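# Sequence and predicted structure are below.
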Amino acid sequence: KQEVTQIPAALSVPEGENLVLNCSFTDSAIYNLQWFRQDPGKGLTSLLLIQSSQREQTSGRLNASLDKSSGRSTLYIAASQPGDSATYLCAVRPRNAGNMLTFGGGTRLMVKP
Amino acid sequence: NAGVMQNPRHLVRRRGQEARLRCSPMKGHSHVYWYRQLPEEGLKFMVYLQKENIIDESGMPKERFSAEFPKEGPSILRIQQVVRGDSAAYFCASSLYDRGLRSDTQYFGPGTRLTVL
């Protein structure tokens, strides 16, 4: 059974810092890995999707990497801003479990001005 | 192109009542997924549907919960005889038809927050 873990569970940093969020998964048989952002009381916004054949994806100040063999992904946020404050969720689509996504518990990020 | 729409956004029910949650997928999407987010927990898959078919309901509780995606109209997640433990945020996602091994992004709706008194 696929399990996804995110570390740390919560993170507080001053504005301007570069930071790394970690995601690990137990079964490397995945189609893809996706990073989402969730604001309090709101839905999920897809940030980056990395196919299993890819190593990384970039969008603006965000860079996500994938090391499938070791079951790890990192989300790098450059020059953090208060508007980046949210919960960041990592999700994998396992190869042997249909189309569902398996989510980690999330990292709650607070960027202080 | 409107995104995934869910209604109501907030729903309050008393124990024993029924809750009906609706999801309209993005235009052109024929796959719908329901996820539940309990307080202070991550999202958990519940059910995956295509038009008029339940493809995977491995995450659905065995009793009181049902889902449908009719040929016309939105997908419905129905919870009968709600209990306080059903209080959660219920998210719907949709995706394009997935041919072969292609892997498509799931787009999420804003969620329905169910509170059971």
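Structure's in. What do you need? If you're wondering where the values come from, they're calculated on a predicted model, not measured in any experiment.
# From here on, just use CA atoms for contacts and neighbour counts.
Noted.
# What does the pLDDT read for B:K51?
Confidence at B:K51, expressed as pLDDT, is 88.
# residues near the residue of chain A found nearest chain B, how many?
Proximity of chain A to chain B (C-alpha to the nearest C-alpha) peaks at A:G43, 3.9 Å away. If you count neighbours by other C-alpha atoms under 10 Å in any protein chain shown, A:G43 ends up with 20.
# what do you get for B:E63?
By other C-alpha under 10 Å, the residues close to B:E63 number 9.
# State whether it is indeed within a strand.
No. With DSSP: H, G, I helix; E, B strand; the rest coil as the criterion, B:E63 is assigned coil and is not in a strand.
# ok, now how distant is it from chain A?
21 Å (C-alpha to the nearest C-alpha, to the nearest Å).
# Quick one: residues contacting B:M60.
Contacts for B:M60 (C-alpha atoms under 8 Å, 6 or more residues apart in numbering or on different chains) come out as B:M46, B:V47, B:S66.
# change it to 6 Å
Counting by C-alpha atoms under 6 Å, 6 or more residues apart in numbering or on different chains, B:M60 makes contact with B:M46.
# hang on, the earlier thing: isn't the residue of chain A closest to chain B right up against B:Y107?
No. Contact criterion C-alpha atoms under 6 Å: A:G43 and B:Y107 do not qualify, at 10.0 Å.
# Please name the residues that touch the residue nearest the centre of chain B.
Centroid-nearest residue in chain B, with C-alpha atoms, centre = their mean: B:W34, separated by 3.1 Å. Neighbouring residues of B:W34 by C-alpha under 6 Å, 6+ apart: B:M46, B:V47, B:F91, B:C92.
# make it 10 Å
A:100, B:23, B:43-49, B:57, B:59-60, B:67, B:75-77, B:90-94, B:108-109, B:111 (C-alpha atoms under 10 Å, 6 or more residues apart in numbering or on different chains).
# Output stretch B:74-87 as PDB - backbone C-alpha positions only.
The C-alpha trace of stretch B:74-87 is given here as PDB (Å, rounded to 0.1, in the frame of the first residue of the first chain):
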ATOM      1  CA  PRO B  74     -23.500  16.600 -11.900                       C
ATOM      2  CA  SER B  75     -21.900  13.900  -9.900                       C
ATOM      3  CA  ILE B  76     -23.600  13.400  -6.600                       C
ATOM      4  CA  LEU B  77     -22.000  12.100  -3.300                       C
ATOM      5  CA  ARG B  78     -24.800  11.100  -1.000                       C
ATOM      6  CA  ILE B  79     -24.400  10.400   2.700                       C
ATOM      7  CA  GLN B  80     -27.400   8.900   4.500                       C
ATOM      8  CA  GLN B  81     -28.000   9.200   8.300                       C
ATOM      9  CA  VAL B  82     -25.000  11.500   8.800                       C
ATOM     10  CA  VAL B  83     -23.000  11.200  12.100                       C
ATOM     11  CA  ARG B  84     -20.700  13.800  13.600                       C
ATOM     12  CA  GLY B  85     -17.700  11.800  12.300                       C
ATOM     13  CA  ASP B  86     -18.800  12.700   8.700                       C
ATOM     14  CA  SER B  87     -17.900  16.300   9.300                       C
END
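# That one close to chain A?
No. Taking C-alpha under 10 Å from any C-alpha of the partner chain as the criterion, stretch B:74-87 and chain A are apart, separated by no less than 13.9 Å.
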